[in-house]
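A.B. asks: Okay, predicted coordinates and the sequence, questions at the end:
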Amino acid sequence: MNTFSKIKNSIKKRHQSRKIWIKLDEDLKKTYIDEEGNLQFHDQYLEEISTIQQKTKDDNLQHILEKLIETSAKKENQHNLKNISEKFIIEKFTSKNTNAIQWIETFEKECERFNITKDETKIDILRLFLEKSCLEWYSSMIIKLTVNSEWNEWKNKFLETFRNQGWDVVTYALTFRYKEGLLIDYAIKKERLILEINKLIDSKTMIDLIATGLPGFILNKLNRDELNDTTDLFNEIRKYEGMMYKKNSTIIKSGTFPHKNKTNEKKPCKTCESLNKGIRYHPEESCWFKKNKNESEKVFKARNVNNNSIIEVDINTETKNE
C-alpha cells in the first residue's frame, strides 16, 4: 500500500511510531475483517487495544505534564514576584516602625498598582518586605494560618501584633528638635516622623511643628505668611545653612583644646596681694617682693641672735662682778 510506503519513509530512528487512518474499501474489509466483524490479517486475529487503557495512559501523561507546568509556573511566579517587589515604593517593615496601619495600607496600594489581587500572592510577597523579628512572626503565621488563608485574616493579625497604641512615638515626633548637623536634614526627618503618626495633617500645621524645632535666631528670620507648603520651608531654611556652619565651627574651635586654655590661664601673684602691692600677673617663684622679703627675714633673725648673745654676756659679766 502507498500508505505503508509513506510511513516507512517517515520513520528514521528506532522506536519511532506513527498513527494514521486507513479507509477500508470492500477488498480491504475482506482481508482485515471476518464475517463476525473481528479484526484479522490472513489467518490470525489482531491484538485488541482497549480505548479505556489508552485513555488512562493519556490521562496519566497529561497529569504529569500539568505537574511539570505547575512547578515551572511557580518558579517563574516566584521569580516574577521578586522582580515586582524590587519596584515597590515602600521600606521594609521592622518592629521599630512607628505606624503599622499606614505601612500595611501602603503595601496594599502597591499590590493594587502591580495588579496583585490574589490573597495567596499578597501573603507570599509580604515575606519579602519583613525583616528581623517580623520574619519570625511570618514563619509562625505560616504554621498557624498557612498561605492559602484569606488576606484580611493576615492583615488583622499583623495589626494586632505590631500596632503601637502608646504615646511614646507621638511625643518623640512632636518634641523632636534641631541639635546639630544640617537644618534641612532635621526638617525632612521631622516631617517623616509626623507623617508616620498622622498622614492627614494639613500643611500649615506641619510647617508650624517643624519650624518650632529650629534654633531661635533661625526661626525669627522666617516669614510665616509666606510659607504655604513644606517645600517653601525647606527652601527658606537652606538659605541659613551657612550661619549654622559658622556657629558650629566657632563652638568647635573654642572647645577643641580646653586643657590648653587652662594651662595658659594667668593667675595673680599671691605674694604681691599679701603685701598689698596690687594685682600682678607673674610666676610666684620669681616674684621680686618675695625675694626681698626672704632676705629681710634672714637679716632680722641674725640681728636677734647677735643681740641675744650680747645680752647674755652682759648678764654673766654683772654676776661675776658681784
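C.D. replies: Structure's in. What do you need?
A.B. asks: Going by C-alpha atoms from here, please, whenever you check contacts or count neighbours.
C.D. replies: OK.
A.B. asks: Next secondary structure after the helix or strand of the chain with the lowest mean pLDDT?
C.D. replies: Here the helix or strand of the chain ranked lowest by mean pLDDT, DSSP states H and E is helix 258-264, holding a mean of 49. Using DSSP states H and E, the helix or strand that directly follows helix 258-264 along the chain is helix 270-274.
A.B. asks: Quick one: list the elements packing against that following helix.
C.D. replies: Applying 3 or more C-alpha pairs under 8 Å, 6 or more residues apart in numbering; DSSP states H and E, one finds that helix 270-274 contacts helix 288-321.
A.B. asks: Quick one: mean pLDDT over the helix it packs on.
C.D. replies: Per-residue pLDDT over helix 288-321 has a mean of 52.
A.B. asks: Check stretch 162-173 too.
C.D. replies: In this model, stretch 162-173 carries a mean pLDDT of 80.
A.B. asks: For it, buried residues please.
C.D. replies: Across stretch 162-173, burial judged by 16 or more other C-alpha atoms under 10 Å covers 162-164, 169-170, 173.
A.B. asks: Figure out the helix or strand that E91 lives in.
C.D. replies: Going by DSSP H and E, E91 is not part of any helix or strand.
A.B. asks: That one against F129, yeah?
C.D. replies: Yes. With contact defined as C-alpha atoms under 8 Å, E91 counts as touching F129 (7.4 Å).
A.B. asks: got the buried residues for stretch 178-198?
C.D. replies: Under 16+ other C-alpha under 10 Å, the buried positions of stretch 178-198 are 178, 182-184, 186-187, 190-191, 193-197.
A.B. asks: Give me the residue ranges of this structure where confidence is low.
C.D. replies: 49-59, 69-79, 165, 245-265, 289, 291-322 (pLDDT under 70).
A.B. asks: State the number of residues packed around L159.
C.D. replies: 14 (other C-alpha atoms under 10 Å).
A.B. asks: tell me which element it is part of?
C.D. replies: helix 151-162.
A.B. asks: After that helix, heading C-terminal, what element do we hit next?
C.D. replies: helix 168-175.
A.B. asks: elements contacting that next one?
C.D. replies: helix 183-197.
A.B. asks: which residues touch the next helix or strand after the helix it packs on?
C.D. replies: Next helix or strand after helix 183-197 toward the C-terminus (DSSP H and E): helix 203-211. Residues outside helix 203-211 that contact it (C-alpha atoms under 8 Å, 6 or more residues apart in numbering): 174, 187, 190-191, 194, 219, 227-230, 233.
A.B. asks: Likewise for stretch 27-41?
C.D. replies: With contact meaning C-alpha under 8 Å, 6+ apart, stretch 27-41 is reached by 42, 45-46.
A.B. asks: Can you point out the buried residues in that stretch?
C.D. replies: Buried residues in stretch 27-41, counted by 16+ other C-alpha under 10 Å: 32-33, 39-40.
A.B. asks: What is the end-to-end distance of it?
C.D. replies: Start and end residues of stretch 27-41 are separated by 13 Å (C-alpha to C-alpha, to the nearest Å).
A.B. asks: Nothing else from me, thank you.
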